[in-house]
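Asks: Give me a 3D structure for the following:
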Amino acid sequence: MTVMTRPPDSDLRARPARPAVRRRPLRPRHLGAGAIRALCTVNVLLLLWMIITSLRGTEEIFDHPVGLPAHIEWDNYLRAWQTGGFGPALVNSLVVSIGSAAIAVAVAAPAAYVLARTKRRVGGPLTLLFALGIGVPAQLIIIPVYVAFAKTQSLTHLKLLDSMQGLTAVYVGLAMPFTVFLLTGYFRSLPVEVEEAACLDGAGALRSFVRIVLPMARNGLITAFLMQVLGAWNETMFGLVMLTSDGNRTLPVALLSFIDQQQFQGTDWGGMFAGVVIIMVPVLLLFVVLGQRLIAGMTAGVSK
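Replies: Coordinates of the predicted model:
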């Protein structure tokens, strides 16, 4: 017969009690991180689907919208490049985007520096005025801009309509509110003591700005430049209204023209997706190479 014995009370007291398992509350930060991961996953999958679809034929796309290509159709890119006129349009987009970005940063940097360092009462309202300009829709100013350019062209014989110069001027004007606002915040984050030391050494305001401030604000200037390049690269409405001839089209306008051609000749879905990829690849490469610097410049400028 087996007798069950109870352990002494000392042994029971020596054993530590197991802590109760508490579930951590689900914080909003965790929900936001999960939503961002899900959104990034969807975007990456959509990007891969667009690239794969650009290598498929039209019949294969209709039969199986999602799937790997049975035969890689490199001719889609050739048709988009030649028939859609994406070659000249790529050059036009590069010229307009880089040119307007360079001019916008060159004009906005001195204005932002003055607004950041001035101690007059007018500095705050002017900064607010530039900030309000960010919220003005482009649809409200497209007709006044077109009428003003038409009158200026008739009076001065300057070709502003259907020209790269006129479109570049429009993009510079559209970029000024955000560029000035961004650089103003970035210049305010720079230490003033360095400029004061340069003034004690005999450097004037212009020399101090060029030799000291601009090198320190390199990340902010690069961020403003890249943001303007991206905005001008993807802009469609002003390019569609201001440009009429085939040789002056930018990439978004060339894509719309290519889609219009397919309505009469039969939709070439493979070529259309190839044109979308051609427009998208330079922007993706820009983000891959300079994405970290772009984010760092944005956070440093806007947070001040």
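
Asks: Poorly predicted segments of this protein, please.
Replies: 1-30, 263-266, 291-304 (pLDDT under 70).

Asks: What helix or strand is the residue nearest the centre of it located in?
Replies: Centrality entry for the chain: nearest residue to the mean C-alpha point is Leu230, 4.5 Å, by C-alpha atoms, centre = their mean. Assessed by DSSP states H and E, Leu230 sits inside helix 218-234.

Asks: Buried residues of that helix, list them for me.
Replies: For helix 218-234, burial by neighbour count (16 or more other C-beta atoms under 10 Å) applies to 219-233. C-beta: built from backbone N, CA, C; applies to glycine.

Asks: same thing with stretch 188-204?
Replies: Neighbour-count burial for stretch 188-204, counted by 16+ other C-beta under 10 Å, picks out Arg188, Leu190, Glu195, Ala198, Ala203.

Asks: Then stretch 96-113?
Replies: Buried residues in stretch 96-113, defined by neighbour count with 16+ other C-beta under 10 Å: 96-101, 103-105, 108-113.

Asks: ditto for stretch 125-132
Replies: Leu126, Thr127, Phe130.

Asks: Please report phi then psi for the first one.
Replies: Dihedral pair for Leu126: phi -70, psi -40, per degrees, to the nearest 10.

Asks: Quick check: the gap between the closest residue to it other than its chain neighbours and Val66.
Replies: In space, and not counting its chain neighbours, Leu126 is closest to Leu115: 5.9 Å by C-beta to C-beta, 6 or more residues apart in numbering. Look at Leu115 and Val66: by C-beta to C-beta, to the nearest Å, they are 51 Å apart.

Asks: re the thing from before, out of the buried residues of helix 218-234, who's nearest Leu158?
Replies: In terms of C-beta to C-beta, no member of the buried residues of helix 218-234 lies closer to Leu158 than Ala232, at 20.7 Å.

Asks: I'd say Leu243 and Ala254 touch.
Replies: No. With contact defined as C-beta atoms under 8 Å, Leu243 does not count as touching Ala254 (10.1 Å).

Asks: If you count surrounding residues, which of the two has more?
Replies: Ala254 (25 against 21; other C-beta atoms under 10 Å).

Asks: With neighbour numbers in mind, choose between Leu115 and Val66.
Replies: Set side by side, Leu115 and Val66 show more neighbours around Leu115, with 22 against 8, by other C-beta under 10 Å.

Asks: okay but the more buried one is in contact with Pro125, surely?
Replies: No. In this structure Leu115 lies outside contact range of Pro125 using C-beta under 8 Å: 10.2 Å.

Asks: Buried residues of the helix or strand in which Gln139 is found, list them for me.
Replies: Per DSSP H and E, Gln139 falls inside helix 138-156. Across helix 138-156, burial judged by 16+ other C-beta under 10 Å covers Ile142, Val145, Tyr146, Phe149, Gln153.
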